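**Student:** Below is the sequence, then the predicted model.
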Amino acid sequence: MDQPSPHIVRSLTGDLRALGVTTGDVMLLHSSMKSLGFVAGGAQAVVQALLDALGTEGTLVVPTHTPSNTDPADWRRPPVPEAWWPVIREQAPGFDPSRTPSQHMGIIAEVARTWPGALRSTHPQVSFAALGKHADDIVAEHRLDDALGERSPLGAVYRLDGKVLLLGCGHHSNTSMHLAEWRQASPPRSRTGSAIRQPDGRSQWTTWDDVVPDSDDFERLGADYEATGAVTIGQVGDATARLMAQRPLVDFATTWLATHRFGAAHA
């Protein structure tokens, strides 16, 4: 039996275009490299294919979150001894957009973060990186107390009428749904903190209040959204890919959460 050919930049670009990615799109990507099968050139080839599909007028956005840069008092998987908490807060080098690697976002996002010309937002917990025409607009104003809200890169993608691509992953990773949480009338809020690298190289532990993100019901929300027919599902490499416009997704999620989560919570 003949073995299938490995996926290459050109074939992946063709798959992306067949799915509906077009030149000039602003596209927020969530991805799983292993889902794509064998790719000649690995994650570098995938990022190149994405950029080729988007063209010089397009913009690629990826999450570059750093979930370990949170208050150790809240860590549960695994917890750390209470005696360590002040040491972690005081001695961690501090988030720096150019130095701090992303965590648990996948190799494709990490390659995009380090790609020549990539810009990264400054949020010490949920930063995003962007490449292309609108990169600066997307990452420029990421406030500590609006992590995934209107002034975050998610809000910028919404204003730019961007798209969301789930490449080999499900709606649990669909970060745009968090923007719908921030749009609720009175979402739960809490105190949080991170180590942030200062201009002089020192690290400073900083705290602030913000909405508490919760993705536990995102798979159910995503399934209900797919039932509307608004999501294009196809294949990119060996991966199942889901492409959708972000604005109607967020608008749907805002109403859905108000009814199914917050409505039930306040009934």
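**Tutor:** Yep, it's here.

**Student:** what about the stretch 151-267 of the chain, any weak spots by pLDDT?
**Tutor:** Within the stretch 151-267 of the chain, the ranges that satisfy pLDDT under 70 run 264-267.

**Student:** where along it do the helices fall?
**Tutor:** 153-159, 176-182, 218-226, 246-260, 262-265 (DSSP state H, counting those that start in this stretch).

**Student:** Reformat those helices as JSON lines; add distance to residue 189.
**Tutor:** Any C-beta I mention is one placed from the backbone N, CA and C, and that applies to glycine too. Below are the helices of the stretch 151-267 of the chain laid out as JSON lines (distance: least, C-beta to C-beta, whole Å):
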{"stretch": "helix 153-159", "distance to residue 189": "18"}
{"stretch": "helix 176-182", "distance to residue 189": "10"}
{"stretch": "helix 218-226", "distance to residue 189": "20"}
{"stretch": "helix 246-260", "distance to residue 189": "15"}
{"stretch": "helix 262-265", "distance to residue 189": "13"}
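
**Student:** wait, which of those helices is closest to residue 135?
**Tutor:** Nearest of these to residue 135, taken as C-beta to C-beta: helix 153-159 at 9.9 Å.

**Student:** In the closest one, which residues are buried?
**Tutor:** Neighbour-count burial for helix 153-159, counted by 16 or more other C-beta atoms under 10 Å, picks out 153, 154, 155, 156, 157, 158.

**Student:** Where does the prediction get shaky in the stretch 1-150 of the chain?
**Tutor:** For the stretch 1-150 of the chain (pLDDT under 70), the answer is 1-3.

**Student:** Which parts of it are helices?
**Tutor:** Assigned by DSSP H, counting those that start in this stretch, the helices in the stretch 1-150 of the chain fall at 9-19, 42-54, 85-91, 107-113, 135-139.
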